[in-house]
Structure formats: C-alpha cells, structure tokens
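Asks: next comes the sequence, and after it the predicted model I'd like to discuss.
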Amino acid sequence: MRVIHVAPTPFGADGLFGGGERYPLELARALAADIECELITFGRSPRLAREPGGLRLRTVRALFYQGGHPAHPIAPALVGALRGADIVHTHHLRSASSRLAGVLARLRSQNSAVTDHGLQGSLWGGLLPRLFDVFLAVSAYSARELGAPPDRTRVIYGGADPARFFPDQSIDRQGALFVGRLTPHKGVDRVLAALPARASLRIVGSTGHDPRLPERDYPQLLQQLAATRNVHFLGTAADDQLPQLYRSASVFVLPSVERTCYGRSIRVSELLGLSVLEAMASGTPVIASRVGGVPEIVTHGETGYLVPPGDVDALHDALARLLADTALARRLGANARETVLERFTWRKVAERCLDAYALLTR
C-alpha cells in the first residue's frame, strides 16, 4: 500500500510550529513503519528527502498562496506528485491543497481520506466533503463538528511520542507552562489574571494573529498583564527544547476560551490539543478549559483538572492546588503518562488509521 499525505505547511523552522503541522508529520512517520508513506508539503522551492524510519518527505513548489495565507498553497506540481498513490490522505479539509488533492484523487479514481484540523474557510457549499471517501477525526468532538456521514467517519485521535516526552525524576519541577500560539482564543490573558501570587509561568509560542484585526495588539496586552508577575515569554522553542520544558514544569495549562477578551465568540476552540498529550506523556498534570475535544483526553481529578472556559477563579484555584501539593501533582502526572501509553501514542494512532485505510482497500 502506498499512501501520500498532503499538508499545506511543513512543521519546523521552514514552516510553522503548531499541532496542525506536527500531526501529519508524526502520523506519517508512524505509518511508515508498516506501509510505503510520503508526506507532501509546500514551499518556495522543491525538495526531496527520506528519513531513517522510511518516511519520504517532499516539498512541492507553491506557485502562490491564495489570499496570501500559508494554509492555501496553489501548486500545479501537485498534479504529478500524487500519481501512483493507492490512498491520498489530505490534512486541513478547507485548505486549497486539500481541495486540489481531493479533485485529483476523484478524477483518477484514487482512494482518498482527509483529516480536518480546524482551519476556517469555505466548504464549497457542502460539496467539499464529497471529494473524500473517509474522514479521520482527531476527536469525537471534531467528528461532530465536521458533520460528515457517520458511516464514513472514524475517530483516530492524536498522539505523543513517549520516547521523546517522558518524566525525569532528577529535575526539580517549577511553576506552570503554556505552549501554543499567542492568539486570543488560547486564553493566555486568563491564566495571567489567574496566576497565584509568587507562582511562575513560562509562555512558549509566537503570535499567530491577523494584523488586520483589532486583536493585533494581543501580544502587547499580554506583556502589560504580565508586567508585575513572575512570567517569562520564551518565544518559539526549538522542537528539541520542548521535552525539557514539559518535564521541568509542575503543571501544564491550556486556558482556551469560547469568547475572547475582545468579545469574539469562538465556535471551535480546541479539536484536541497535541500539547496537552505531550505534557501528559512527560508526566506533567494538566489544567485545561472544558472545551472541544480536551475532555476526551484529560480526566478531571485523575490526570489533571478541567475548568469552565474563561473562569479565572476556577483556573486560579486549580493552579494554586497543584502548585502547592507536589504529591498530588506527581500522582496526577503519573496517571497522565499512563493514559498516553495506553491510548495516545503515535503507534496507536497509526493502527487506528490503518484500520480506516482497510475500509478503502477491501
């Protein structure tokens, strides 16, 4: 079986550092242990490489980007790049690259699959989902939001690599950690307001705001809120720095909101949360908003705490409790890692994905 994955933006220094970029790469890596697998992304110049594990990485030259957005590459070279695939698996349903890949697969009678990662955009009046044979959702919540035919939808979740993300008992854990894009719907302003006195917070991530929106001043707002607190903005961390950051934190926090501090409602807040799984694999308990697919991976009182989105008081109480009680934090962190080992390694995600592929190739 030969499967070609198509993702609009690469993960890493030449692309973006986000869950929507990491997911296709890690899934394709895990699948490459069992099948012939290639991951196509887009850039200014073509490139081809093969990883030690067997995954073939191809960068296809993008002629231009629709609307200037990196998630919408227009690349005529994709026409030739998809030849010979038994299954074309695209990521980000609404991306221009997914649309083209879906059309090409239909024209060539190739099997097709798609995983949506929450990118906003047109569904072509409902026609876009008809381009694909199977829909692979990252959570049950994501599957419901997508609204694809249930008989063609499978939930495969996301994962973390426990060989990279693991606890280290020799490290003295300190404070809270946030990893993600500094956009209003992530609710970093809420955790700054909720941070207990004398507690520390490390914030890892870069801005991802649209400069045309009023929210463009969000990074400045965060700096103002953090001015009198023990807060460190670390910027974008290199991928090899993340494991150490996770395992040195007492608690990981994902304070996503359904209504931003600017009053904008967020219809889809968190489809899953790969950073949550990476923290859990590192033995770090999680405090997260009860939004989207997060409650499917965080069990309240067992692997961390779930709080109402935007509730500063509840967030404060959860932070204060875990930061003060190291034995409790250690127990919840151990439970969190065990949960990842049982259900959320990339190996298990790949197995669920292969089961879905089998439906197409019978």
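Replies: Here it is on my side, so go on. Residues are numbered from 1 along each chain as shown.

Asks: only C-alpha atoms from now on, for both contacts and neighbour counts.
Replies: Fine.

Asks: tell me which residues in the longest helix seen in the chain are buried?
Replies: With secondary structure taken from DSSP state H, the chain has its longest helix at helix 326-343. By 16 or more other CA atoms under 10 Å, the buried positions in helix 326-343 come out as 328-341, 343.

Asks: same check on stretch 46-58?
Replies: So, applying 16+ other CA under 10 Å, buried residues of stretch 46-58: G54, L55, R56, L57, R58.

Asks: got it, and stretch 71-81?
Replies: A71, H72, P73, I74, A75, L78.

Asks: can you say which helix or strand has A358 in it?
Replies: Using DSSP states H and E, A358 maps to helix 346-360.

Asks: that helix vs helix 326-343, what angle?
Replies: 30 degrees (axes from the mean of the first three to the mean of the last three CA atoms, to 10 degrees).

Asks: helices or strands up against helix 346-360?
Replies: Helix 346-360 is packed against helix 19-31, strand 134-137, with contacts defined by 3 or more CA pairs under 8 Å, 6 or more residues apart in numbering; DSSP states H and E.

Asks: so which of the buried residues of stretch 46-58 comes closest to R229?
Replies: Closest to R229 out of those is L57 (43.4 Å), distances taken as CA to CA.

Asks: what does the helix holding A358 contact?
Replies: Residues outside helix 346-360 that contact it (CA atoms under 8 Å, 6 or more residues apart in numbering): 26-27, 30-31, 87, 111, 133-134, 136, 154, 156-161.

Asks: now the buried members of those residues.
Replies: Counted by 16+ other CA under 10 Å, those give 26-27, 30-31, 87, 111, 133-134, 136, 154, 156-161 as buried.

Asks: which stretches of the protein have low pLDDT?
Replies: Scanning the chain for pLDDT under 70 picks out 11-18, 119-126, 128-129, 208-214, 362.

Asks: which strands or helices does the longest strand seen in the chain pack on?
Replies: In the chain, with assignment by DSSP state E, the single longest strand is strand 36-43. Applying 3+ CA pairs under 8 Å, 6+ apart, one finds that strand 36-43 contacts strand 2-6, helix 19-31, strand 56-61.

Asks: reformat the buried residues of stretch 46-58 into CSV and put distance to R144 next to each item.
Replies: What follows is the buried residues of stretch 46-58, written out as CSV (distance: CA to CA, whole Å):
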residue, distance to R144
G54, 34
L55, 31
R56, 32
L57, 32
R58, 32
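
Asks: any idea which of those is closest to R22?
Replies: The closest of those, once distances to R22 are taken by CA to CA, is L57, at 13.5 Å.

Asks: what's near enough to touch the closest one?
Replies: E38, L39, I40, T41, L48, A49, R50, E51.

Asks: show me the contacts for the nearest residue to the second one once chain neighbours are set aside.
Replies: What sits nearest to L39 in space, not counting adjacent residues and going by CA to CA, 6 or more residues apart in numbering, is H5, at 4.6 Å. Residues near H5 by CA under 8 Å, 6+ apart: P24, A28, C37, E38, L39, I40, V88, H89, T90, H91.
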